[in-house]
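Trainee: sequence-free structure coming up:
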């Protein structure tokens, strides 16, 4: 099958085989947050259209250098060909009750990647935007943005293990190559960028989030759920773990492996 990514990259892919399960049990792969990349590399059969990347027809994609939105879209499209319905459980953030979910991956909304973002992937030059720090204020903060790449998965995974509640903030700050407030020195590096970000208003966060969404494109993996126990509503992100790659089937016979 041909998989088409938001950036314009296209490649030939196969569905996952039983032998690909070895990556699900590779502790080094799991610790480093590389499962998604490994499972994509396993089924990549070669480029048909390079898009903005320096690739040749037939060559396998360097998924470490590919945009993260390309990685996610590709995995979802391959999973749809395997089985379009994804069954998994969420825990209610309010009462911790189990919320069983069934998501039709074909119904997830998608937006195209901007030409500006495609040019960024080709040149690696950051995308410069001017933002206001406060609602109604002047655009006094220059933010140089970048698309997350496959190689950022390990860093995201490490931060998630350290502080799961702060992962959305970390991902937002990883999109920032540098920030230069009017009349101030340029701020670089995740720690310093995050320190500046935490000191800003909610309006700045919203403006920054809108900018990222406007150029990155790709599939929206956020889903809403409802708890039948405490009646709370919440949003979560589709998991890309073992259940995503190998849907479990219930058996009525006993097995030594399950006793």
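Mentor: Happy to help now that I have it. Because the structure is a prediction, the values reported are computed rather than measured.
Trainee: all contacts plus neighbour counts: C-alpha atoms, from now on.
Mentor: Fine.
Trainee: mind listing what's buried along stretch 123-141?
Mentor: For stretch 123-141, the neighbour count (16 or more other Cα atoms under 10 Å) marks 126, 127, 130, 131, 132, 133, 134, 141 as buried.
Trainee: for the residues you listed, give me a markdown table that also has pLDDT, distance to residue 76 and secondary structure.
Mentor: Shown next, in a markdown table, are these (pLDDT from 0 to 100; distance: Cα to Cα, whole Å; DSSP: H, G, I helix; E, B strand; the rest coil):
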| residue | pLDDT | distance to residue 76 | secondary structure |
| --- | --- | --- | --- |
| 126 | 94 | 27 | coil |
| 127 | 93 | 27 | strand |
| 130 | 91 | 33 | strand |
| 131 | 88 | 33 | strand |
| 132 | 81 | 36 | strand |
| 133 | 77 | 36 | coil |
| 134 | 76 | 37 | coil |
| 141 | 89 | 36 | strand |
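Trainee: just put those residues in JSON lines and tack on distance to residue 58.
Mentor: Shown next, in JSON lines, are the buried residues of stretch 123-141 (distance: Cα to Cα, whole Å):
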{"residue": "126", "distance to residue 58": "29"}
{"residue": "127", "distance to residue 58": "30"}
{"residue": "130", "distance to residue 58": "40"}
{"residue": "131", "distance to residue 58": "42"}
{"residue": "132", "distance to residue 58": "45"}
{"residue": "133", "distance to residue 58": "47"}
{"residue": "134", "distance to residue 58": "49"}
{"residue": "141", "distance to residue 58": "43"}
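Trainee: got the residue ranges for the helices in the stretch 1-150 of the chain?
Mentor: 27-31, 35-43, 68-82, 115-123 (DSSP state H, counting those that start in this stretch).
Trainee: point out the one among those helices that comes closest to residue 235.
Mentor: helix 68-82 (18.4 Å; Cα to Cα).
Trainee: what does the closest one contact?
Mentor: Defining contact as Cα atoms under 8 Å, 6 or more residues apart in numbering, one finds that helix 68-82 is touched by 3-7, 9, 13-16, 36-37, 40, 63, 105-106, 147-150, 216-219, 244-245.
Trainee: before we move on, back to that, for residue 172, find the nearest of the helices of the stretch 1-150 of the chain.
Mentor: When the helices of the stretch 1-150 of the chain are compared by Cα to Cα, helix 68-82 sits nearest residue 172, at 13.1 Å.
Trainee: average pLDDT for the closest one?
Mentor: In this model, helix 68-82 has a mean pLDDT of 95.
Trainee: buried residues in it?
Mentor: 68-80.
Trainee: quick revisit: now, the contacts of helix 68-82 that are in strands?
Mentor: 3, 4, 13, 218, 219 (DSSP state E).
Trainee: by neighbour count, which of the residues you listed wins?
Mentor: Most neighbours among the ones in strands among the contacts of helix 68-82, by other Cα atoms under 10 Å: residue 218, with 22 neighbours.
Trainee: check what pLDDT residue 196 gets.
Mentor: Residue 196 carries a pLDDT value of 92.
Trainee: likewise for the one 4 residues further on?
Mentor: On the pLDDT scale, residue 200 is placed at 88.
Trainee: was I right about it contacting residue 135?
Mentor: No. Residue 200 is beyond contact range of residue 135, at 11.5 Å (criterion: Cα atoms under 8 Å).
Trainee: can you pull the residues that touch both of these two?
Mentor: Joint contacts of residue 200 and residue 135 (Cα under 8 Å, 6+ apart) do not exist.
Trainee: so which helix or strand takes in residue 153?
Mentor: helix 153-162 (DSSP states H and E).
Trainee: tell me the mean pLDDT over that helix?
Mentor: On average, helix 153-162 scores 84.
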